[in-house]
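*Asks:* Fold the following for me, if possible:
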Amino acid sequence: MTAASANAGARRAPVQRRSRERVQQILDAASELIVESGLTGLSTRLVAERAGIPVASLYQYFGDRDEIILALVERDTAETDTAVTAAVRALDSVSVRTIVTATMRAFVTTYHQRPAFVVIWWRGRTNRAVYDFCRAHNKRIAADLFAFAREAGLVKADTVPRVVELAVEVGDRIFQLAFEDDIRGDEMVIDEGIEMVIGYLERHAAHAAPPATARL
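*Replies:* Numbers count the residues shown, from 1 in each chain. Presented below is the predicted three-dimensional model:
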């Protein structure tokens, strides 16, 4: 990990429309290369060539390839968060089963739409910035889901946030097993994994769930 990568948050933020489009052009080019050849051979030169821009233009926005990889993770996890929120809000009734299923299926949908995300998420965690971002994202997802479940009256009064953190980490591992050998995911592992997480969380569920009035 380079110093530039560790300071990715300080990279030039695109303000003008043309700059934002250029950043997306770079990220899309990197995504294509990652799906085709993996992370090992990715370089700023190859990304610039695929994007059809000078390398110097790429360096206006990204200091090195690790910053590009982290930016892809940030973009795609933001899409995942939006998908999870929409899926949970669309539920006609809330229960441990419906929330877990909606949440995990939203993740699967994003993985299918962003195959490069799968490669980075499961095979790029030797990158310290990606690893730290993944862990922080899992904690944030767990905190949001715990707050939603508590407001909806789904969990017992003595349930602690760590319970949901554990469930999210287990779900993370389930997805890793499902996608590590197949970029489309092993449906059996996904289905069984969803049931596993549901079974664990239902041990901490309140006996009866009220109407879906809580908001994520």
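*Asks:* C-alpha only now, for contacts and for neighbours.
*Replies:* Fine.
*Asks:* Can you list the low-confidence ranges for the chain?
*Replies:* 1-15, 123-125, 207-216 (pLDDT under 70).
*Asks:* Which residue ranges make up each domain of it?
*Replies:* 3-65, 69-202 (automatic domain parsing).
*Asks:* End to end on the longest one, go ahead and measure it.
*Replies:* Here the two ends of domain 69-202 are set 37 Å apart, with distance taken as CA to CA, to the nearest Å.
*Asks:* begin at 565 from here
*Replies:* I'll keep to 565 as the first residue from here, and by that count the last item is domain 633-766.
*Asks:* and it, how far out from the chain's middle?
*Replies:* Centre-to-centre, domain 633-766 and its host chain are 7 Å apart (CA atoms, centre = their mean, to the nearest Å).
*Asks:* Then stretch 584-593?
*Replies:* Centre-to-centre, stretch 584-593 and its host chain are 19 Å apart (CA atoms, centre = their mean).
*Asks:* Tell me which residues of it come out buried.
*Replies:* Buried residues in stretch 584-593, counting neighbours by 16 or more other CA atoms under 10 Å, are found at 586, 587, 589, 590, 591, 592, 593.
*Asks:* With secondary structure as new columns, can these be given to me in CSV?
*Replies:* Shown next, in CSV, are the buried residues of stretch 584-593 (DSSP: H, G, I helix; E, B strand; the rest coil):
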residue, secondary structure
586, helix
587, helix
589, helix
590, helix
591, helix
592, helix
593, helix
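*Asks:* hang on, residue 608 packs against residue 630?
*Replies:* No: when contacts are counted by CA atoms under 8 Å, residue 608 is not listed as touching residue 630 (9.3 Å).
*Asks:* Can you tell me the centre-most residue of the protein?
*Replies:* Residue closest to the average C-alpha location in the chain (CA atoms, centre = their mean): residue 641, at 3.5 Å.
*Asks:* Helix or strand: which one has the spatially closest residue to that residue that is not a sequence neighbour?
*Replies:* In space, residue 641 comes closest to residue 701 once its chain neighbours are excluded; the distance is 8.0 Å by CA to CA, 6 or more residues apart in numbering. Taking DSSP states H and E as the definition, residue 701 sits inside helix 692-715.
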